[in-house]
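Asks: Need a 3D model of the following:
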Amino acid sequence: MTGGSHVQPPESADSGHRRRRFIPAQPRRPRGVWRIGTPVVVLLCGGLFVVSAANSDGTDLRPGRYTDLASLVKDESDQYDGLKRQVSDLDAQVQSLSAGMSDREVNRLHRRVTELKDPAGLEPRSGPGLTVTLSDAPEDVINSTTGNVNLLLVHQQDIQAVVNALWKGGATAVTVEGQRIVSTTGIKCEGNAVQLQGVPYPQPYEIQAVGDQGSLLMAIEDDPYLQAYREQAADPAISVGWDLQLEPTVSAPAYDGLLDLSFAVPLDGGTAG
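Replies: The predicted model follows:
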């Protein structure tokens, strides 16, 4: 090379061809896809709105959290009362339809149902009896304890122990917080409350029984679990609540909850796992 100039070599036709080969061509967007896809998306969204509305049944699918225990208890109680009214209405319809049937076998079954209503707790009961009230220890005892705080609180097994003792003593009717107890009743703890037939109740817990007072008292006195409970109630360091009162008359309403049972059925030819 001569002089101060720098001469660029000419680009060959082949190299230009190679560069152009790697530049992707812009695809043409078919308009037909958008014309079809847009209505489909709109229809799908509309279908989702319809399904959501049907599933919500007029309620909020994503309700806010409950921060107030009293509001939670009231809301669940209202829902329970609404379901009870529905059950009562359906039972009335069933009875009305059954009464219109004239069949010997149906009439026999009706008589049998009537006979079993009272022992099943479906008829009101009243008579002499007693009241047992269980409650947590006083707040000052709970706040100052250095031991097991569970001993200072009433649990579902405490309530169940009283109910079982009353049944053993020949009670003809038992109620907890005014609700009739039957063979299918479940008592369970829910936080700082006890849930009975779907309704939460705070302490103190009132348990009443109709029956021979002497037999009921003897059953309570002889129960080992309740003996230990009463000893803890008399201990100032525990002071869990216990109160027993004889009543000239106890009124137990008829059970008005659900009666359906859910149970497991083993497969034919197999064994339960």
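
Asks: Tell me the pLDDT of Leu48.
Replies: If you check Leu48, the pLDDT there is 70.

Asks: can you map out the strands along this protein?
Replies: Here the chain has its strands, by DSSP state E, at 125-135, 173-176, 179-180, 187-190, 193-196, 199-201, 205-210, 241-252.

Asks: any idea of the mean pLDDT in the fourth one?
Replies: To tie it back to what came earlier, the one meant is strand 187-190. pLDDT averaged over strand 187-190 gives 84.

Asks: helices or strands up against it?
Replies: helix 156-168, strand 193-196 (3 or more C-beta pairs under 8 Å, 6 or more residues apart in numbering; DSSP states H and E). Every residue, glycine included, has its C-beta placed from N, CA and C.

Asks: Now that strand: buried residues?
Replies: Within strand 187-190, the residues that qualify as buried are Ile187, counting by 16 or more other C-beta atoms under 10 Å.

Asks: thinking again about what came up before, as TSV, the strands of the chain with distance to Val141 would be great.
Replies: Shown next, in TSV, are those (distance: least, C-beta to C-beta, whole Å):
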stretch	distance to Val141
strand 125-135	12
strand 173-176	25
strand 179-180	29
strand 187-190	20
strand 193-196	20
strand 199-201	22
strand 205-210	18
strand 241-252	11
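
Asks: any chance of the helices and strands packed on strand 187-190 in JSON lines, plus mean pLDDT and distance to Ala233?
Replies: Listed next are these as JSON lines, based on pLDDT from 0 to 100; distance: least, C-beta to C-beta, whole Å:
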{"stretch": "helix 156-168", "mean pLDDT": "96", "distance to Ala233": "10"}
{"stretch": "strand 193-196", "mean pLDDT": "86", "distance to Ala233": "18"}
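
Asks: any chance of these in CSV, plus distance to Glu177 and mean neighbour count?
Replies: Shown next, in CSV, are these (distance: least, C-beta to C-beta, whole Å; neighbours: other C-beta atoms under 10 Å):
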stretch, distance to Glu177, mean neighbour count
helix 156-168, 10, 19
strand 193-196, 6, 20
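
Asks: Glu206: which of those is closest?
Replies: Taking C-beta to C-beta, helix 156-168 is the member of the helices and strands packed on strand 187-190 nearest to Glu206, at 10.2 Å.

Asks: got the CA positions of the closest one in PDB?
Replies: C-alpha atoms of helix 156-168 as PDB (Å, rounded to 0.1, in the frame of the first residue of the first chain):
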ATOM      1  CA  GLN A 156     -64.300 -31.400  75.400                       C
ATOM      2  CA  GLN A 157     -63.300 -34.500  77.300                       C
ATOM      3  CA  ASP A 158     -64.400 -32.800  80.500                       C
ATOM      4  CA  ILE A 159     -67.800 -32.100  79.100                       C
ATOM      5  CA  GLN A 160     -68.000 -35.600  77.600                       C
ATOM      6  CA  ALA A 161     -67.100 -37.200  81.000                       C
ATOM      7  CA  VAL A 162     -70.000 -35.400  82.700                       C
ATOM      8  CA  VAL A 163     -72.400 -36.400  79.900                       C
ATOM      9  CA  ASN A 164     -71.300 -40.100  80.000                       C
ATOM     10  CA  ALA A 165     -71.600 -40.200  83.800                       C
ATOM     11  CA  LEU A 166     -75.200 -38.800  83.600                       C
ATOM     12  CA  TRP A 167     -76.100 -41.400  81.000                       C
ATOM     13  CA  LYS A 168     -74.600 -44.100  83.200                       C
END
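
Asks: circling back: in JSON lines, list the helices and strands packed on strand 187-190 along with distance to Val182.
Replies: Listed next are those as JSON lines, based on distance: least, C-beta to C-beta, whole Å:
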{"stretch": "helix 156-168", "distance to Val182": "11"}
{"stretch": "strand 193-196", "distance to Val182": "12"}
